[in-house]
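J.: sequence-free structure coming up:
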């Protein structure tokens, strides 16, 4: 009896083989390696937080939690370690960077995703990505040499302060926000675009009234992560902010941030002063963790709506 035509070439049951012992061992080993990598990543974050908290916990006693969180003066020579001027300086520079950088980054992402030709995209996208690879000290030198004199002429001061730092940080956060925004726009189903064009909408109407609203959660995530990038930046801010721990007095007035104060003071700090710097690090960690938690919450909200 001949074999049916449709059965020719089909694997027989006797030809099936169980997974070899060596293959099973390799897969088990890879699984354990990946598990160790994940555990190490979590452990590293936990150890950093535990170490920082342990070294900065003393601020509760000296100078005291109320004086630390609510104090309006940071002066190591006078033994006063109030962080309000530093928090205000951090938020002022971050807000300025977002006001300048977020529209630029979103516009760049829209151009790359919806407007640019393949040839133009091949030129612009690597240039934007290259901004992320420029060392922060180079941004600081650029701001110090090129931007500071311009700001000095505009404001009548020395050019150090919120405006100079905000412009530098705005450029630095463009790659982060632009890349994530482009991904958010790319995740919008093509049918939405086609439906918009089919109803007679122009390219701009499709972008403004359809695509941006559809991708708004992803864009908000991108802006929040860009904000985290701006809050944590140190070297460029140290070089152009002026590093005066005082409240905001104008765009051209010197100012200090949490990160810049830690870098400037840590080399000579002792006793309560050093404890207060670790307290600043705790505040910075909590701010970063809050931003990450906000991004996670928005992502879950977007998943539920979908």
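T.: Cool, the structure landed. For clarity, every value in this text was computed on a predicted model and none was experimentally measured.

J.: Can you classify the residue nearest to residue 214 when sequence neighbours are not counted by secondary structure?
T.: Leaving aside its sequence neighbours, residue 214 sits nearest to residue 188 (CB to CB, 6 or more residues apart in numbering; 4.8 Å). Backbone N, C-alpha and C define where each C-beta goes, glycine included. Three-state call for residue 188 (DSSP: H, G, I helix; E, B strand; the rest coil): coil.

J.: what pLDDT does residue 188 get?
T.: Confidence at residue 188, expressed as pLDDT, is 88.

J.: Tell me how many other residues surround it.
T.: Neighbour count of residue 188, defined by other CB atoms under 10 Å: 17.

J.: Is it in contact with residue 216, as I believe?
T.: No. When contacts are counted by CB atoms under 8 Å, residue 188 is not listed as touching residue 216 (10.6 Å).

J.: quick revisit: give the contact list for the residue nearest to residue 214.
T.: 211, 214-215 (CB atoms under 8 Å, 6 or more residues apart in numbering).

J.: again, but for residue 75
T.: With CB under 8 Å, 6+ apart, residue 75 has these contacts: residue 245.

J.: Please report how far it lies from residue 201.
T.: 59 Å (CB to CB, to the nearest Å).

J.: again, but for residue 78
T.: Distance from residue 78 to residue 201, by CB to CB: 63 Å.

J.: Pick out whichever of the two has more residues nearby.
T.: The neighbour comparison of residue 78 against residue 201 (other CB under 10 Å) goes to residue 201, with 16 against 8.

J.: And the one helix or strand residue 29 maps to, what's buried?
T.: Taking DSSP states H and E as the criterion, residue 29 maps to helix 21-56. Neighbour counts using 16 or more other CB atoms under 10 Å place 52, 56 of helix 21-56 among the buried residues.

J.: again with stretch 90-99
T.: The neighbour-count check on stretch 90-99 (16+ other CB under 10 Å) flags 90-94, 96-98 as buried.

J.: which of those residues sit farthest apart?
T.: Based on CB to CB, the longest span within the buried residues of stretch 90-99 runs between 90 and 98 and measures 12.5 Å.

J.: burial measure for residue 71, as a count.
T.: 18.

J.: Surely it and residue 79 touch.
T.: No. If you go by CB under 8 Å, residue 71 and residue 79 don't touch, sitting 11.0 Å apart.

J.: which residues do the two both contact?
T.: residue 63.

J.: Now do the strand or helix carrying residue 290 against helix 21-56, angle only.
T.: Element membership for residue 290, per DSSP H and E: helix 271-305. Angle, helix 271-305 to helix 21-56, by axes from the mean of the first three to the mean of the last three CA atoms, to 10 degrees: 130 degrees.

J.: Buried residues, helix 271-305. List them.
T.: Buried-residue list, helix 271-305, by 16+ other CB under 10 Å: 272-285, 287, 291, 294-295, 298, 302.

J.: for stretch 116-136, same thing?
T.: 116, 125, 128, 136.

J.: so how far is that stretch off the chain centroid?
T.: On the basis of CA atoms, centre = their mean, to the nearest Å, stretch 116-136 sits 18 Å off its chain's mean C-alpha point.

J.: what does stretch 178-198 give?
T.: On CA atoms, centre = their mean, the centre of stretch 178-198 falls 23 Å from that of its chain.

J.: Going forward, the N-terminal residue is numbered 20.
T.: In the new count, where the first residue is 20, that last one comes out as stretch 197-217.

J.: Start and end of that stretch, how far apart?
T.: End-to-end distance of stretch 197-217 (CA to CA, to the nearest Å): 28 Å.
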